[in-house]
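Q: Sharing a model that was predicted from the sequence below.
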Amino acid sequence: MSDGTVAGRNEYAVEIVLPTARFVFAVRDGAVEVEPEHRSPEAFRRYREMRRGGGVVGMTTFPNTVVLRGPRTILVDPGMDLQNEPLLTALEERGLAAPDLDLVALTHAHGDHVGALADLDRVVPVAVHEAEMDDPLWSAVSGLVAGRPLQPLRGERGELAPGVRWLHTPGHSAGSVCFLVETADGLVVIAGDTVGPLPETFAAMEAPLPGAAGECIVSAWRALRALRPALIVPGHLPPFRPE
């Protein structure tokens, strides 16, 4: 994918700088057993198996962290606090330092998507939907945003930067958004946790959650499908091309 302005259009290169990872772990008799599982069904299967074996069992998931390079340089979802150093290294490998970023954009403000913000330069603005600030989980991450220029996203849709739009997609959280990125290969949707846990679920339009939250997510999926994107980047699974 190209970056920059081409034939009067604002286009971006989209790169996953930290790919999603999922780790299932168990602690038994003081020993720690950890297994990486990149697909949700296998991760949950191993989780259940480990749980039957006794001990303390858990699962940690890291999101896709994305850099958009074009008219502006935008980092989407920095990731967990455990990813601070890997994030800075990944940026450096691409010739970027934190001050080179024009904007940090959040699909939502849950800790696994925001924690690595701590080591990024505080002069870099942060874009987040204003509805996230009313979420009970906001208090856990508000300190990471405090003291930074804030770019609140208001309403149902808007422009984040030339060539990058956003769409309010509540359901996973009150202020979840998807970023719609123009590229030389077509529209790329950075969906965060609005799309998940499986592409098959999205293809079948099957609500991942009961009640109003699930209905909101399916409504968002219909809106995304109508855009005919070339690629969707979920929060916790590899990118896929919608059917």
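A: On my side now, so go ahead.
Q: and stretch 59-67, how far apart are its ends?
A: The distance separating the two terminal residues of stretch 59-67, taken as C-alpha to C-alpha, to the nearest Å, comes to 26 Å.
Q: An error on my part: the question was meant for stretch 186-203.
A: By C-alpha to C-alpha, the extent of stretch 186-203 from end to end equals 19 Å.
Q: Same question for stretch 127-147.
A: Terminal residues of stretch 127-147 are spaced 13 Å apart (C-alpha to C-alpha).
Q: Any buried residues in that stretch, and which?
A: Neighbour counts using 16 or more other C-beta atoms under 10 Å place Ala127, Val128, His129, Ala131, Glu132, Met133, Asp135, Trp138, Val141, Leu144, Val145 of stretch 127-147 among the buried residues. Yep, even glycine has a C-beta here, placed from its N, CA and C like the rest.
Q: check contacts around the second one.
A: Val128 sits next to Ala105, Leu106, His108, Ala109, Val145, Leu150, Gln151, Pro152, Leu153, Gly175 when contact means C-beta atoms under 8 Å, 6 or more residues apart in numbering.
Q: Narrow those residues to just the buried residues.
A: Applying 16+ other C-beta under 10 Å to these flags Ala105, Leu106, His108, Ala109, Val145, Leu153, Gly175 as buried.
Q: If I look at the last one, what pLDDT would I see?
A: Reported pLDDT at Gly175 in the predicted model: 95.
Q: Surely it is in contact with Asp135?
A: Yes: applying C-beta atoms under 8 Å as the test, Gly175 and Asp135 come out as touching, 6.6 Å apart.
Q: Can you work out which residues contact both of these two?
A: Ala109.
Q: on that earlier part again, now pLDDT, secondary structure and distance to Gly58 too, for the buried residues of stretch 127-147, in JSON lines please.
A: Output for the buried residues of stretch 127-147, formatted as JSON lines (pLDDT from 0 to 100; DSSP: H, G, I helix; E, B strand; the rest coil; distance: C-beta to C-beta, whole Å):
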{"residue": "Ala127", "pLDDT": "97", "secondary structure": "strand", "distance to Gly58": "31"}
{"residue": "Val128", "pLDDT": "97", "secondary structure": "strand", "distance to Gly58": "27"}
{"residue": "His129", "pLDDT": "97", "secondary structure": "strand", "distance to Gly58": "29"}
{"residue": "Ala131", "pLDDT": "96", "secondary structure": "helix", "distance to Gly58": "29"}
{"residue": "Glu132", "pLDDT": "94", "secondary structure": "helix", "distance to Gly58": "25"}
{"residue": "Met133", "pLDDT": "90", "secondary structure": "helix", "distance to Gly58": "29"}
{"residue": "Asp135", "pLDDT": "82", "secondary structure": "coil", "distance to Gly58": "23"}
{"residue": "Trp138", "pLDDT": "87", "secondary structure": "helix", "distance to Gly58": "24"}
{"residue": "Val141", "pLDDT": "87", "secondary structure": "helix", "distance to Gly58": "20"}
{"residue": "Leu144", "pLDDT": "88", "secondary structure": "helix", "distance to Gly58": "23"}
{"residue": "Val145", "pLDDT": "87", "secondary structure": "helix", "distance to Gly58": "27"}
